[in-house]
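Novice: Below are the sequence and a predicted model for it; my questions follow.
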Protein chains: 2
Amino acid sequence: MTIRAPRLFQAALWLPCLLILSLFITFTCALSPRKPRLSVLGHNKERNRIYSPSLIASDSNNNDYQTFYYDQTLDHFNYQPVSYTTFQQRYVVNFKHWRGARTGAPIFAYMGEESSLDDDVGTIGFMPENSRRFGALELYIEHRYYGKSIPHGFTGEESLENATIRGYLNSAQAIADYAEIIIYLKKNLSADSSPVIVVGGSYGGMLAAWFRLKYPHIAMGALASSAPILYFDDIVPQNSYDVVVTKDFQDVSRSCYDTVKRSWPEIDRVAAKPNGLSELSKKFKTCKPIKKASELKDYLEYLYSVVAQYDSPPDHPVTTVCKGIDGGANGTDILGRIFSGVIAYYGESRKCYDLNDFFSTDKLSAWDWQTCSELVSPFGRGNETMFQASPFDYNEYKDSCMKKFGVEPRPHWATAYYGGQHIKMILKRFGSNIIFTNGLRDPYSNSGVLENISDTILAVYTKEGSHCLDIVPATADDPKWLTAQRNKTVKVIKWWFHKYYNDLRGFA
Amino acid sequence: MTIRAPRLFQAALWLPCLLILSLFITFTCALSPRKPRLSVLGHNKERNRIYSPSLIASDSNNNDYQTFYYDQTLDHFNYQPVSYTTFQQRYVVNFKHWRGARTGAPIFAYMGEESSLDDDVGTIGFMPENSRRFGALELYIEHRYYGKSIPHGFTGEESLENATIRGYLNSAQAIADYAEIIIYLKKNLSADSSPVIVVGGSYGGMLAAWFRLKYPHIAMGALASSAPILYFDDIVPQNSYDVVVTKDFQDVSRSCYDTVKRSWPEIDRVAAKPNGLSELSKKFKTCKPIKKASELKDYLEYLYSVVAQYDSPPDHPVTTVCKGIDGGANGTDILGRIFSGVIAYYGESRKCYDLNDFFSTDKLSAWDWQTCSELVSPFGRGNETMFQASPFDYNEYKDSCMKKFGVEPRPHWATAYYGGQHIKMILKRFGSNIIFTNGLRDPYSNSGVLENISDTILAVYTKEGSHCLDIVPATADDPKWLTAQRNKTVKVIKWWFHKYYNDLRGFA
């Protein structure tokens, strides 16, 4: 089951107080093929439509962003006859602020995540803001199999239906793509001495960190925003995500948390009654009759996860939802309160509520494939969260992937290739120049790096921040802690540049 | 054209003074598909036959070495339906000295090179000697497509004839194999806390260094013996190899060097005469009539390269050959002296000399494929060496590969994936725990790492050493400088272990 969220964003159009949330929210993907789960970043295809013009940096003027296509190697790790081994990969460059190759001015390279590049260019505030600051080139590279970077003239969907073609969609191939394009671009610009900082958020943040570790000769440093690089192979507990969602709710309102926690058995109780499902349908004004309790529960779980992941200032959607729940304007019984939370989230009285708002069951998505092959994050929980117990069942996960794609997942491959276990000990004496940024309200922060590992592999987090908050455009209204986080990142990168140019002079 | 050398070794059987040379010499491969070129290591299949028993460490007793097969992923970077994606990969373990998982005792993992594992087990002295010293487990892993680790029940040759299957033969897949097996073994032995030191020589040394850089979470350190990791993409001059061969000869005897240098035009001059080729055939007692001058020149060039690469004590084959040349026992004219060098090398009066001794033109070799795909070392030279000018011609190289395999080489891929350019600057602030050992008489040393890069990425070389000399079995007769080099390596590894176990306690 995949998840989609466009209506969420459209809804946000009519509720200014949720605008910030909708900016950061992602187009949604399934991290688990069984359970709806938020994407690790990814972007909403509709986002540009709902962007308030005042929030778009002047740099995002389309004229400054030039689109190119690179004749990319389809398989970097298996050499086949040339004729059928390339595809056109999109990348976008902004030269506006670049001080040029002659001065060895830097390059910020944004590592596309599971999304079209259209969603990134002009919307990742870190890029134009710091390109201006450092006189840097802005480079955005689209992830293979997303947006316009689909192999062989397939559509995205067709490429996933083809067992051979979809096999080339994985993170190792993706970062090798990035390596090739950065090398190519630097060569073409005669920018050999320009240091490259790779930047990414969520899955893209994992790619940025991994890129620095695997290609240190290409990227001098990495900013990995909200990168849950430890959510593999049981490095962190399976309930890491849900524990933070729960904490976000508890922190805002103990009674809200209580109501949510008590709502699940209440839904089950009502659903089990004769005509119970019909009663639930009425209560939640669903557009279609509810066929089983899990439809409603999945919907609510997703909603609570979204608001926790993007619990950003100034609107703090968890607070919004909890105000609705605690207020109980649509009934003070448990389910009435829950529905009040839903209404508070949408910020409008809808005629009806579509429980499939977030989900689509029909199409294979590229992200489905990625999570069914190498990116197996074992989401699960016992009774310790505000949700009902739902332990991770690998066999069920595997069967679902086998059914969809005919392959077993490789749940241990990500850690085999990238590491992660004992990360503090391993990276204490290996590697350098990675900043892991996080906001602790983001449920993914719990599987990110939250402690400095060495003098140059740093964790910069805020208690108040949410998913990828630090890399979206800065505004005049940003709270101090957010500005401080960004300043710290900038300071570290400045220090990297300082050392880099010193070295460059020394080795010249 | 591929190269083979078995008779060379058989010859050595009858000449004790060349025994040491023959121990270290490689089974030979073409680093260039056009020019005969020595393998970067690899081992002589005949070696065990010519090993003097006294030189074989007691540890090589077959009973201590247990052979296993691992169900290896054929393609780590493209997930296909499971049924046809594995092959049986051979590895060998010696538990004899291992102090066990409970104490976190170390593991030395030998990264197989372009050769059967039969040639490594019991013959890489570093392994048993240091396993005894450190109470370590000895692990040897065979390189895919060599020895008994051929996919799909193909023979080695069949696997190379199949365009799809041979595509999976490359270094990235090979080190991913090593990663999987080490993880698997440690898990099976419950040896999570056992530090792994990877070891390799020549191409295997490159793999060891690359493995530490790509999989620092699996290997705590690497010993890369005689690894020419900079012989790619023109990081070092194309003549790096031949410059050292030349210097080796110059250092031994200026007149010998002069004779060799003057011999090439002399061969050309004689060959151009009516019946000149027949005159050359007679002069060099060739088993078959010489058809063109290049046959003889290739043969001699190969011979000089072999003796330079393995110019080891106590025999110093360059000295042997030069004594022959300078002595001129078979004629004091230029070609007479050259032939005297050949005879000195073989150490016997043969009935005739087969100029194809080193070469076979018929079969595709796995190493051919590797050098035609990613491992493109641009060997070439002008007039600055003792050989005739022979610039590297990429187009010719490419055409030859296209003809053999139908693919263009990827001459920039090795540096894209592994780096190499600006290595001192890049690794000064990234990575740790690699020892690059070299002997400066080895022509490959010129493309190895010969300077310390950081406190933990070290170059340990000897002026007098030859190719991989430090990792072959130690003997009581080893010169002091060789023992000192080995001791330095051991001291560094000891220090790594010290820090590792300290860290382990700290993080426990």
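Specialist: Yes, it's here.

Novice: which stretches of the stretch 101-250 of chain A form strands?
Specialist: Along the stretch 101-250 of chain A, the segments classed as strands by DSSP state E, counting those that start in this stretch run A:107-111, A:137-141, A:196-201, A:221-225.

Novice: Quick one: closest of the ones you listed to chain B.
Specialist: Of all the strands of the stretch 101-250 of chain A, strand A:221-225 sits nearest to chain B, with 9.9 Å by Cβ to the nearest Cβ. In short, each C-beta sits where N, CA and C put it, glycine included.

Novice: the domain parsing of chain A - what is it?
Specialist: Listed domain ranges for chain A are A:50-55+A:62-234+A:414-507, A:238-346, A:366-409 (source: the TED database).

Novice: closest one to B:Leu280 among the strands of the stretch 101-250 of chain A?
Specialist: strand A:196-201 (56.5 Å; Cβ to Cβ).

Novice: quick one: average pLDDT of that closest one?
Specialist: Average pLDDT, strand A:196-201: 98.

Novice: Equivalent analysis for stretch A:404-422, please.
Specialist: 95.

Novice: residue contacts, A:His486?
Specialist: Check again: residue A:486 is Arg, not His. A:126, A:470, A:474 (Cβ atoms under 8 Å, 6 or more residues apart in numbering or on different chains).

Novice: Top of the residues you listed by number of neighbours, please.
Specialist: Ranked by neighbour count (other Cβ atoms under 10 Å in any protein chain shown), those have A:Asp470 at the top, with 28 neighbours.

Novice: Give me the three-state assignment for the closest residue to it other than its chain neighbours.
Specialist: Distances taken as Cβ to Cβ, 6 or more residues apart in numbering or on different chains put A:Thr437 closest to A:Asp470, at 4.9 Å, once the chain neighbours are dropped. Secondary structure state of A:Thr437, per DSSP: H, G, I helix; E, B strand; the rest coil, is strand.

Novice: The helix or strand where A:Phe339 lies: which residues count as buried?
Specialist: Assessed by DSSP states H and E, A:Phe339 sits inside helix A:334-346. Buried residues in helix A:334-346, counted by 16 or more other Cβ atoms under 10 Å in any protein chain shown: A:334-335, A:337-346.

Novice: Equivalent analysis for stretch A:234-245, please.
Specialist: Judged by neighbour count using 16+ other Cβ under 10 Å, the buried positions of stretch A:234-245 are A:235-245.

Novice: can you check stretch A:156-174 too?
Specialist: A:156, A:159-160, A:165-174.

Novice: Show me what from the stretch 401-508 of chain A comes close to chain B.
Specialist: For the stretch 401-508 of chain A, the residues in contact with chain B (Cβ under 8 Å from any Cβ of the partner chain) are A:406-408, A:410, A:412-413, A:415-433, A:456, A:499, A:503-504, A:507.

Novice: Quick check on these: which are buried?
Specialist: Neighbour counting by 16+ other Cβ under 10 Å classes A:407-408, A:410, A:412-413, A:415-423, A:425-433, A:456, A:499, A:503 among these as buried.

Novice: Which ones among these map onto helices?
Specialist: Among those, DSSP state H puts A:413, A:415-418, A:423, A:425-428, A:499, A:503 in helices.

Novice: ok so, going back, where's the dip in pLDDT among the buried residues of stretch A:156-174?
Specialist: The lowest pLDDT within the buried residues of stretch A:156-174 belongs to A:Gly156, which sits at 82.

Novice: tell me the contacts of that one?
Specialist: A:145-146, A:150, A:366.

Novice: Show me which pair in these is furthest apart.
Specialist: Spatial extent of those (Cβ to Cβ) is set by the pair A:Ile150 and A:Ala366 at 9.0 Å.

Novice: Looking at these two now, which is surrounded by more residues?
Specialist: Counted by other Cβ under 10 Å, A:Ile150 and A:Ala366 do not tie: A:Ile150 has more neighbours, with 24 against 21.

Novice: which residues does that one contact?
Specialist: Applying Cβ under 8 Å, 6+ apart to A:Ile150 gives the contacts A:87, A:156, A:159.

Novice: Next: A:Phe387.
Specialist: Contacts of A:Phe387 by Cβ under 8 Å, 6+ apart are A:242, A:245-246, A:261, A:264, A:301, A:381.

Novice: How about A:Gly331?
Specialist: Neighbouring residues of A:Gly331 by Cβ under 8 Å, 6+ apart: A:283, A:337, A:339-340.

Novice: same thing with A:Ile334?
Specialist: By Cβ under 8 Å, 6+ apart, the neighbours of A:Ile334 are A:259, A:262-263, A:266.

Novice: Which of these are buried? Put it as a PyMOL command.
Specialist: Command for PyMOL, covering only those of the contacts of A:Ile334 found buried under the criterion 16+ other Cβ under 10 Å:
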select buried, chain A and resi 259+263
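
Novice: between the contacts of A:Ile334, which is closest to chain B?
Specialist: After measuring those against chain B - Cβ to the nearest Cβ - the closest member comes out as A:Ser263, at 39.6 Å.

Novice: State the distance from A:Gly276 to A:Ala389.
Specialist: To A:Ala389, A:Gly276 is 22 Å away according to Cβ to Cβ, to the nearest Å.

Novice: So for the two, which residue has more residues nearby?
Specialist: A count of neighbours by other Cβ under 10 Å puts A:Gly276 above the other of A:Gly276 and A:Ala389, at 16 against 12.

Novice: Could you double-check that the more buried one lies in contact with A:Glu266?
Specialist: No. Contact status for A:Gly276 versus A:Glu266: not in contact, 10.9 Å apart, counting by Cβ atoms under 8 Å.

Novice: Show the backbone phi and psi for the closest residue to chain B within the stretch 151-300 of chain A.
Specialist: For the stretch 151-300 of chain A, the residue closest to chain B is A:His217, as judged by Cβ to the nearest Cβ, at 3.1 Å. Dihedral angles phi and psi of A:His217 (degrees, to the nearest 10) take the values phi -80, psi -10.

Novice: what sits against the residue nearest to it when sequence neighbours are not counted?
Specialist: Excluding the flanking residues, the one nearest A:His217 by Cβ to Cβ, 6+ apart is B:Gly419, at 3.1 Å. Neighbouring residues of B:Gly419 by Cβ under 8 Å, 6+ apart: A:215-218, B:213, B:426.

Novice: cutoff 10 Å now
Specialist: A:214-218, B:210, B:213, B:229, B:232, B:235, B:426-427, B:430-431 (Cβ atoms under 10 Å, 6 or more residues apart in numbering or on different chains).

Novice: Check A:Leu482 too.
Specialist: Residues near A:Leu482 by Cβ under 10 Å, 6+ apart: A:312-313, A:439, A:462, A:464-466, A:469-470, A:472, A:474-475.

Novice: so how far is A:Gly125 from the residue lying farthest from the centre of chain A?
Specialist: Taking Cα atoms, centre = their mean, the residue of chain A most remote from its mean C-alpha position is A:Pro274, at 41.4 Å. A:Pro274 sits 54 Å away from A:Gly125, going by Cβ to Cβ.

Novice: Also A:His152?
Specialist: Between A:His152 and A:Gly125 the computed distance is 35 Å (Cβ to Cβ).

Novice: Within reach of chain B, which of the contacts of A:Gly331 are there?
Specialist: Here nothing survives when these are matched to chain B using Cβ under 10 Å from any Cβ of the partner chain.

Novice: Check the residues you listed against B:Glu295 and report the nearest one.
Specialist: Comparing the contacts of A:Gly331 against B:Glu295 with Cβ to Cβ places A:Phe339 closest, at 90.2 Å.

Novice: The closest one against A:Thr332, yeah?
Specialist: No. Counting by Cβ atoms under 10 Å, A:Thr332 is not a contact partner of A:Phe339; they are 11.2 Å apart.
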